[in-house]
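J.: give me a 3D structure for the following:
(chains A, B, C, D, E and F)
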There are 4 protein chains.
Amino acid sequence: MLAVGTRSASPATRRQEILDVAAAVFARQGIANTTVRDIGEEAGILSGSLYHHFSSKDEIVEEIIRAALDPDIELDVALAHSEVEPPEAVRQLLVRSLRFTHDHPDVAVIIANGRHELLAAERFDFLHTRGAAIRASWVAVLERGKAQGVFRADLDPDLTYKAVMGAVSAAPNWYRRSGAHDIDEIAEGFVTLFLRGITVRGDAPTSALEG
Amino acid sequence: MLAVGTRSASPATRRQEILDVAAAVFARQGIANTTVRDIGEEAGILSGSLYHHFSSKDEIVEEIIRAALDPDIELDVALAHSEVEPPEAVRQLLVRSLRFTHDHPDVAVIIANGRHELLAAERFDFLHTRGAAIRASWVAVLERGKAQGVFRADLDPDLTYKAVMGAVSAAPNWYRRSGAHDIDEIAEGFVTLFLRGITVRGDAPTSALEG
Amino acid sequence: MLAVGTRSASPATRRQEILDVAAAVFARQGIANTTVRDIGEEAGILSGSLYHHFSSKDEIVEEIIRAALDPDIELDVALAHSEVEPPEAVRQLLVRSLRFTHDHPDVAVIIANGRHELLAAERFDFLHTRGAAIRASWVAVLERGKAQGVFRADLDPDLTYKAVMGAVSAAPNWYRRSGAHDIDEIAEGFVTLFLRGITVRGDAPTSALEG
Amino acid sequence: MLAVGTRSASPATRRQEILDVAAAVFARQGIANTTVRDIGEEAGILSGSLYHHFSSKDEIVEEIIRAALDPDIELDVALAHSEVEPPEAVRQLLVRSLRFTHDHPDVAVIIANGRHELLAAERFDFLHTRGAAIRASWVAVLERGKAQGVFRADLDPDLTYKAVMGAVSAAPNWYRRSGAHDIDEIAEGFVTLFLRGITVRGDAPTSALEG
DNA sequence: TATGAATGAGAATTCATTCAT
DNA sequence: AATGAATGAATTCTCATTCAT
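T.: Just a heads-up that it's a prediction; the model follows:
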């Protein structure tokens, strides 16, 4: 037990290395246009050898996405049912979405561009679940704001959710390149834009807007 | 015996038939996940015979997209440089974008989900050009609104454009399924949301907002 | 029976037109690399319509070759068994081969480059026959010359035939481009080269050589 | 138990095995009439698996040809500019050409019959280069011989080169079948034939001729 | 005779995956 | 864990040929 080959890092780490490389390649080329060979080449491994770590290309994709998603699924839901003032809740929902883009830029791009493809596969049903949860959170918050008279009475929660989510979902595709803004500035811009669009005129949301 | 049933339509029509079928399949499955065989099967033709009409799969995609895009490229640009009041201009830009989704639902979905893939191909360089024109139009209008004091002084035109375009680009993916809204209601909801988000408080934009 | 469509020339001529065009295309691109569509395009006809004139691509090839070959097959054989002096016979064999290149440049190129391919097809068995006849003529003449003491005693008729035929067969590939020489000069050069190579030193062949 | 039977050879060898098989098939059927499946079948591998070793059919062809050609390109050129007596130089040029046929019978056949096709492809531009070098060597030697008065004054170097090269280029097509001659006999026959055809009468070249 | 659409067999190539070593 | 060779199914595309009009 003297010397053990230590060419590469520990097994778990090697696995993670591959996942990181794969995420970058998937983000750059799209899932369908990325071959396992592409991944292997960039990870310094032969494509066949990837199968010692993963049982299929899809498993790699799944693991990349799950790893990024797992931690914080329930936060939005909790927020929606909390006592937090609706404008502040909207802010937090927006900030959290954009933080995801910042924290997991590759995964965010993968999901943004592979959405259609992923949603069609049973394997990625959990994305539907998650999407439904996010939608429910937004709708709940928007409804609450309307009930409290702080959001416009004519606001369509579903349509508003779709508009906001569209804006947020597109962010990964331009975020990395725009060194101009950092993620908090972006979030601030989005929060201002949408809160003004959502709230009734002239009053309450100011605190959140200027906060 | 005047009219005899003719099995197939006129030449120009057969081509168009195939393009329509192909657009539907591409929209449903994504470009990369659609084989020429899929198209052939749905069009009632052998995949090889498609090459009697088109010289490659990419040509089919290109023709589908160009046919939808060609007519109205310059309208947005013209509008940006017109005398139209900025809020009204914003409304028109928004309405026109959403009308595209309504008029060409398949193409809109194809572009929305294939964006990454398409932009990477030289063949579809015209999409970059078009995207740049649209962006320029939005930024010009937003700048003009700021200069006239009707849009918020702290508005970031680039970021705002990205938010709006994100919302608009996502629309094709839910538009068809949501029989709930018709396209004008949707446009109205977007116009209200974004104009309120963009304009300074309490005054001028009212006409456009309530109009 | 008043007016008959006379758009193109008489049927026989139209057929010949197509054959001529096809010969040119085959010569330029090779048989295997020429599609019936190539021929149709250059003949101003759709590929399918070619089948009103010919029953297959191979038939076109065959007809092109046969038309060029038919007239003069037996001449060489007759010459071989005639009383003509061997050197003069050699000259005539050479001249006739090179004349073929001159008179049927496309067919000569087609045969030169398609030889391997053509000889493999049953349909073109007549090329074997013809080749054998030519070979027999040459060998007979060379043998006769040796017997008469005018050709070198150590001459290998078979090998000599192969050398001469190789030189002659390659000619179609450069003939057209070399406007420098006309066909008779070329023949003269070949005759001189080979007769000197074949004959015994210092005497008899002079007449033919200088003739 | 020293040696264990190993089914497949070493890596470099497997590749070479395939190249050898492919060369044989190409020589037999012609390049255009050989499918990658033909090669696979004869090499005992699925056609798709060939792409593990080569990236295209053309690459296989190129590698086969380059491997045979690479070693000795410059020899002819060097000879042309050396002090070697012209008749001896001619002999060497001829012998070397025929040796190529002997050493690489498949490649020689491939080039002989695929010439037209290969020269048309950019990928095989190096064949033009090589052909030009060989031509230049021959012409230089022939000119030198004329200048020294050992070759006929009325000799056309270009035409002579074409005749000789034609004879030599055709050799691969009959060489293998004619077990009658071995390569040196053939070379001797060619050398005698062409040197007699080239040289002035009666004298100098004798040494080379009888050598 | 010609058109234009279509057929059907097969071409080269791609790629996720397997497996002996 | 990794290699390198191979599989096998599928993919895009080609092309001689057929056929209704």
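
J.: quick check, the longest helix anywhere in chain A touching chain B?
T.: Ranked by residue count under DSSP state H, the longest helix found in chain A is helix A:125-147. No. Using Cβ under 8 Å from any Cβ of the partner chain, helix A:125-147 stays clear of chain B, with a minimum separation of 10.5 Å. From N, CA and C alone the C-beta is placed, and that goes for glycine too.

J.: what packs against that helix?
T.: Where contact means 3 or more Cβ pairs under 8 Å, 6 or more residues apart in numbering or on different chains; DSSP states H and E, helix A:125-147 is packed against helix A:57-69, helix A:73-80, helix A:86-103, helix A:105-119, helix A:157-175.

J.: how about the ones you listed in TSV, adding distance to chain B?
T.: Output for the helices and strands packed on helix A:125-147, formatted as TSV (distance: least, Cβ to the nearest Cβ, whole Å):
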stretch	distance to chain B
helix A:57-69	13
helix A:73-80	18
helix A:86-103	10
helix A:105-119	4
helix A:157-175	3
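
J.: out of the ones you listed, nearest to chain D?
T.: Nearest of the helices and strands packed on helix A:125-147 to chain D, taken as Cβ to the nearest Cβ: helix A:57-69 at 18.2 Å.

J.: got the domain boundaries for chain A?
T.: Segmentation of chain A into domains, based on automatic domain parsing, reads A:11-55, A:66-210.

J.: between those domains, which one is closest to B:G48.
T.: B:G48 lies closest to domain A:11-55 among these, at 23.3 Å (Cβ to Cβ).

J.: quick check: mean pLDDT of the closest one?
T.: For domain A:11-55, mean pLDDT is 95.

J.: for it, what is the distance to the chain centroid?
T.: Relative to the centre of its chain, domain A:11-55 is centred 21 Å away, using Cα atoms, centre = their mean, to the nearest Å.

J.: stretch A:168-186 now?
T.: For stretch A:168-186, the distance to the chain centre is 13 Å (Cα atoms, centre = their mean).

J.: end to end, how far does that stretch reach?
T.: 10 Å (Cα to Cα, to the nearest Å).

J.: A:F124: how many residues sit nearby?
T.: 21 (other Cβ atoms under 10 Å in any protein chain shown).

J.: contacting residues around it?
T.: Counting by Cβ atoms under 8 Å, 6 or more residues apart in numbering or on different chains, A:F124 touches A:62, A:65, A:118.

J.: and those residues, which is closest to chain C?
T.: Distances from chain C to these, taken by Cβ to the nearest Cβ, are shortest for A:L118, at 42.5 Å.

J.: grab the nearest non-local neighbour of the closest one.
T.: A:F124 (4.4 Å; Cβ to Cβ, 6 or more residues apart in numbering or on different chains).

J.: mind listing residues that contact stretch A:127-144?
T.: Contacts of stretch A:127-144 (Cβ under 8 Å, 6+ apart): A:65, A:69, A:73, A:76-77, A:79-81, A:86, A:89-90, A:93, A:111, A:115, A:118-119, A:151, A:155, A:157-158, A:160-161, A:164-165, A:198.

J.: report the buried members of the residues you listed.
T.: Among the contacts of stretch A:127-144, those classed as buried by neighbour count (16 or more other Cβ atoms under 10 Å in any protein chain shown) are A:65, A:69, A:76, A:79-80, A:86, A:89-90, A:93, A:111, A:115, A:118, A:151, A:155, A:157-158, A:160-161, A:164-165, A:198.

J.: in chain A, what spans have low per-residue confidence?
T.: A:1-11, A:70, A:72-73, A:177-180, A:202-211 (pLDDT under 70).

J.: returning to that earlier point: now render the domains of chain A as JSON lines, adding distance to D:H104.
T.: JSON lines is the format used below for the domains of chain A (distance: least, Cβ to Cβ, whole Å):
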{"stretch": "domain A:11-55", "distance to D:H104": "34"}
{"stretch": "domain A:66-210", "distance to D:H104": "51"}
